[in-house]
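Student: below is the sequence, then the predicted model.
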Amino acid sequence: MFKPRHTIVVTQRFFDSKSVRFLQSQGCDVVVAPLAQGQADGDLSERQLIDLLHDADGWIVGHAHVTSSLLNALPRLQVIARRGVGYERVDTAAVEAAGKVATIAIGGNDASVADHAVALMLAVCRQLKHCQLGLSANDWTIPLGGDLYRKTVGVVGLGRIGRGVLQRLSGFEIKPLICTPDPGSAHVDGISRNCFVDLETLLEESDFITLHAPLNPHTHGLIDRHALKRMKPSAVLINTARGGLVRDADLLWALREKQLAGAGLDVFESESDPALSIVTEQLIQLPNVIVTPHVGASTVEGLNRTNLIAAQCAVAVLEGRSPPGDCVIADGRRSTGSKENP
């Protein structure tokens, strides 16, 4: 039977050849947008996106805002497949209203982000920034760091990444404390039910706190000045989830006032609010803060996995099928009356 060709436009860098070949094998023409060095699709204007996507049946997207006005300008577009799992920049109601489908790449980068969270814990407590800067200045003074071994680690959010962090930390013989919205359904091998606590208890008792919650109206600003005051002065905060979970200006205050010993940050509020860039710049300069530029998911292996999952999602939708797993975040086909193929 004749199978129509579809055009998939990719607006992300580091889209690997294996994923391109998969799309081509499924009858898709692949167009990878020519982004400049250091540029992301979130930096493109709506007009630029429309120019890139006007002939697209499917779109593999990174951090661009998916809005109602953009979707209305792209009548041919059927599926928006995000290479990643966060989707606060996708207007899911607009996707459904436009009769389109939006997906995320569930399971692709969990291991990479979990690795990065543990790396930040170790980098902060062993004062690796201080060591690097000292040696760069030919200063061999030895700073006294701390151990992760047998410390109390609070995990806020027990999804796939939170579970991965706990699995990795088991070798450090930590005492885990877990705060999650539905502790009754949560399960991690070897973790006692007594480890599930409320946020206040977790803040007060943890030596390290690592955030793995989604960003939504309930979690926005979860770690503010009030929360930071409840933490131990010797505690370390790790955020590899979303910048909006932490009030960065409050964190800056806590670190300067020694209300907190240190922080490891891969995400910042200024990513979505440029007015807070000055706060980010000040955090970066602090000696007890380790920062990375939102790279937790950006390993070769992690990106290749999420590329392929996004590609599989796009093909499934274009063929009228359901994407794998729990990847669908909006499906306007139901509201417009179209049916899936069996």
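Tutor: Great, that's in hand. Numbering: from 1, shown residues only.
Student: so what's Ala263 up against?
Tutor: Ala263 is in contact with Val124, Val236, Leu237, Ile238, Asn239, Leu251, Leu255, Leu283, Asn288, Val289, Ile290, counting by Cβ atoms under 8 Å, 6 or more residues apart in numbering. C-beta: built from backbone N, CA, C; applies to glycine.
Student: list the buried residues for stretch 279-286?
Tutor: Val279, Thr280, Leu283, Leu286 (16 or more other Cβ atoms under 10 Å).
Student: quick check: the gap between Gly84 and Ala297.
Tutor: Per Cβ to Cβ, to the nearest Å, Gly84 is found 7 Å from Ala297.
Student: which stretches of the protein have low pLDDT?
Tutor: Applying pLDDT under 70 to the chain flags the ranges 1-3, 184-187, 189, 335-342.
Student: quick one: the strands in it, in order.
Tutor: In the chain, the strands defined using DSSP state E lie at 6-10, 28-32, 58-61, 79-82, 101-103, 152-156, 175-179, 208-211, 236-239, 262-265, 289-291, 328-331.
Student: can I get these in JSON lines including distance to Leu128?
Tutor: Formatted as JSON lines, those follow (distance: least, Cβ to Cβ, whole Å):
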{"stretch": "strand 6-10", "distance to Leu128": "35"}
{"stretch": "strand 28-32", "distance to Leu128": "36"}
{"stretch": "strand 58-61", "distance to Leu128": "34"}
{"stretch": "strand 79-82", "distance to Leu128": "32"}
{"stretch": "strand 101-103", "distance to Leu128": "37"}
{"stretch": "strand 152-156", "distance to Leu128": "19"}
{"stretch": "strand 175-179", "distance to Leu128": "24"}
{"stretch": "strand 208-211", "distance to Leu128": "15"}
{"stretch": "strand 236-239", "distance to Leu128": "13"}
{"stretch": "strand 262-265", "distance to Leu128": "10"}
{"stretch": "strand 289-291", "distance to Leu128": "7"}
{"stretch": "strand 328-331", "distance to Leu128": "37"}
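Student: out of these, flag the one nearest Lys129.
Tutor: strand 289-291 (5.6 Å; Cβ to Cβ).
Student: now for that closest one, which elements pack on it?
Tutor: Helices and strands touching strand 289-291, by 3 or more Cβ pairs under 8 Å, 6 or more residues apart in numbering; DSSP states H and E, are helix 110-125, helix 128-136, strand 262-265, helix 277-285.
Student: name the stretch among those that sits most buried.
Tutor: Among the helices and strands packed on strand 289-291, ranked by average contacts under mean count of other Cβ atoms under 10 Å, first place goes to strand 262-265 (a mean of 25).
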